[in-house]
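S.K.: predicted coordinates and the sequence they were generated for:
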Amino acid sequence: MLKPNRLTLWEKYLDLLTWLKQRDATINECLEIKESSQGQGYGLYVNKSIPKDELLFSIPRSLWVTMDKATSSTEDGDDEFGDTLKALIEKAGPGGATVSLACYMAKEYILLCLEEEEENQSSRWGPYFKTLPWKRGINNQEHILFWPNEKIETLLKGSLCYEEARSLRKEVSFSIKVLGPLLKKSINVSRGQKTTKNVFEQITSILPWRKVQEDNGENDVVDDKIISDAIKGAFVNLLTRSFLDDDENEKLVPLLDLMQHSNTPNVSLKVVKIKSSSTSEDTGVDTVVEVRANCDIDAGLEMFNQYRSEEEESMPYARFFTRFGFVPGIMEPMENLLIDKSPIFWPKKVEV
Ligand SMILES: C[S@@+](CC[C@H](N)C(=O)[O-])C[C@H]1O[C@@H](n2cnc3c(N)ncnc32)[C@H](O)[C@@H]1O
C-alpha cells in the first residue's frame, strides 16, 4: 500500500505519471523526472532527441486544481466550505481567489494525510499532492513564507524584498485567522462519518512537520499549527507553481509545474480544445494544456518554462525571490546572498 511520506521520490514520481496517464493525460515516453541542472529541486528532461513542435505532454482540465473545484467541494459532504470560498471570491476579487484556492488545497492535503494513514486511497489529488513541497526543504524548496518572523527581520529588513515579503505574510496570516477555524470545522465534517477518534490527534501523529514542531519546542496548540502550516504550504505551492492562462485564473497543472524556469525556454504552452470521448462534460470536447518543444531538443537536456520575463522593470530579481523562492542563475543558498548584502537585494548607495 502507498504511504506517501515513506515513499522514495522515485516512487512518488512514478505514481504521479501513472495517475496522470490513467486520467487521460498524454505523456511522451521520452520524458524523465530528475534533479534539476539549475539548483533547486527536480525538473523534466528528455531522454532522446526531440524535434521542434513535438508534443511533450498534454494535461486535461479535469486534472488541474482550479477555483471551480475549490468552490464545489460537496463531494466530501461539506457544502458550507465550498460556499464560503465562493462568497469570498465574489466579495474580494482575485486576492480572494488565491486565498480560497489555498484553503481548499490545505484541506485536501490534510485529508490526504489522514487517509493515507488508514491506507484509504480516495483522495482526488493524492499522487499529485504527494509530490508538492508542503514545507521548507522538500524538493529543496525555499520561500519567505516558511521563515519565522525573526529571520525576516534579520535577513530582509532594509532590502528590496522586505515590504513585499511582509505584505505577502500578512495576507497569509489573515487567511489563517479568518479561514483557519472554518477549515478545521470542514475537516471535522468531512471526517465525521468516518471516524470516532479525535481527528486532530490523528493529524498530529501523521503530518511531516510534526518533527520540526517538536524540535522547535514551540507551544502552539497543535491543531492550529497544523492548519496554519497546511495553509502556508498551499500558498507557497500556488506562488511558486501556479499557471495563469488567458482566463487570468490561477490554477495548478500537474507536470507543467515540474519544469524549472529559464528566460530562454525550450518549450511552449498552449491551452487548446480537443475532441475527446472521455470528457466529463457531454460536449465531446475537452480543454487541455499542451506543452511542445519550441526548438529541437537534444537527448539528455532539461526542459525549461519561462515563469516570468527576467526584465528588470517587470520582475526584478528581488521580486523573483519573494515570489518564487529563487533568483535565476544563482545556485548559492539565498541566505548567503542576503547575509553578504548582495546588490540583488540591497539598493546601491549613491556615491557623494
Ligand atoms: C514550478 S516549481 C519547479 C519544480 C520544482 N523544482 C520541484 O522539484 O518540484 C518552482 C520551484 O523550482 C525551483 N526553481 C525553478 N526554476 C529554478 C531555477 N532556474 N533556478 C533555481 N531554482 C529553480 C524554485 O524552488 C521554484 O520555487
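M.R.: Sure, I can see it. Quantities reported herein were computed from a predicted structural model and do not represent experimental measurements.
S.K.: mind listing the residues bridging to G43?
M.R.: Beta-bridge partners for G43, by DSSP bridges, are K34.
S.K.: ok, which stretches of this protein are helices?
M.R.: 9-22, 67-70, 79-92, 94-117, 126-129, 149-151, 162-192, 199-206, 210-216, 222-241, 317-324, 334-339 (DSSP state H).
S.K.: and stretch 253-271, what's buried?
M.R.: Using 16 or more other CB atoms under 10 Å as the test for burial, stretch 253-271 gives 253-262, 265-269. Quick note: C-beta positions are derived from backbone N, CA and C, even for glycine.
S.K.: ok, now stretch 11-30?
M.R.: Those buried within stretch 11-30 under the rule 16+ other CB under 10 Å are K12, Y13, D15, L16, L17, W19, L20, D24, A25, I27, N28.
S.K.: is the ligand contacted by it?
M.R.: No: against the ligand, stretch 11-30 shows no contacts by CB under 6 Å from any ligand atom, the least distance being 9.7 Å.
S.K.: give the rounded mean pLDDT of stretch 14-33.
M.R.: Mean per-residue pLDDT for stretch 14-33: 95.
S.K.: next one: it to chain centre, how far?
M.R.: Relative to the chain's own centre, stretch 14-33 is displaced by 19 Å; criterion: CA atoms, centre = their mean, to the nearest Å.
S.K.: quick one: end-to-end length of that stretch, please.
M.R.: End-to-end distance of stretch 14-33 (CA to CA, to the nearest Å): 9 Å.
S.K.: thinking again about what came up before, pick the one among the buried residues of stretch 11-30 closest to the ligand.
M.R.: Nearest to the ligand out of those is Y13 (CB to the nearest ligand atom; 9.7 Å).
S.K.: the closest one contacts I33, correct?
M.R.: Yes: the criterion here is CB atoms under 8 Å, and Y13 meets it with I33 at 4.5 Å.
S.K.: out of the buried residues of stretch 253-271, who's near the ligand?
M.R.: The overlap between the buried residues of stretch 253-271 and the neighbours of the ligand (CB under 6 Å from any ligand atom) comes to D257, L258, Q260, H261.
S.K.: re the thing from before, which stretch in the helices of the chain has the least confidence?
M.R.: Within these, confidence is poorest for helix 210-216, with a mean of 43 (mean pLDDT).
S.K.: re the thing from before, keep only those of the ones next to the ligand among the buried residues of stretch 253-271 that are in strands.
M.R.: Using DSSP state E, the subset of these located in strands is Q260, H261.
S.K.: relative to N188, how far out is M315?
M.R.: 41 Å (CB to CB, to the nearest Å).
S.K.: hang on, the earlier thing: now the common contact residues for Y13 and I33.
M.R.: Shared contacts of Y13 and I33 (CB atoms under 8 Å, 6 or more residues apart in numbering): Y42.
S.K.: where's W346 relative to E335, distance?
M.R.: To E335, W346 is 14 Å away according to CB to CB.
S.K.: domain parsing for the protein?
M.R.: Using automatic domain parsing, the domain parsing of the chain gives 7-63+253-307, 65-249.
S.K.: make sure F81 is actually in contact with P181.
M.R.: No: judged on CB under 8 Å, F81 makes no contact with P181 at a distance of 11.5 Å.
S.K.: got the residues of this protein near the ligand?
M.R.: So far as CB under 6 Å from any ligand atom goes, the chain lies against the ligand at 36, 38-43, 139, 141, 240-241, 257-258, 260-261, 324-326, 328.
S.K.: quick one, which of W346 and E335 is more surrounded?
M.R.: Neighbour count, other CB atoms under 10 Å: between W346 and E335, W346 has more, with 16 against 12.
S.K.: hang on, the more buried one packs against L160?
M.R.: Yes: assessed by CB under 8 Å, W346 is found in contact with L160 at 7.1 Å.
S.K.: quick one, what contacts the residue of the stretch 51-200 of the chain found nearest the ligand?
M.R.: With CB to the nearest ligand atom, the shortest gap between the stretch 51-200 of the chain and the ligand falls at N139, namely 3.5 Å. By CB under 8 Å, 6+ apart, the contact list for N139 reads Q40, G41, Y42, T131, P133.
S.K.: make CSV out of the buried residues of stretch 11-30 and add distance to S228.
M.R.: Shown next, in CSV, are the buried residues of stretch 11-30 (distance: CB to CB, whole Å):
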residue, distance to S228
K12, 25
Y13, 28
D15, 28
L16, 27
L17, 32
W19, 29
L20, 31
D24, 36
A25, 33
I27, 35
N28, 40
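S.K.: now, which of those residues sits nearest V289?
M.R.: Distance to V289 across these (CB to CB) is lowest for A25, with 9.8 Å.
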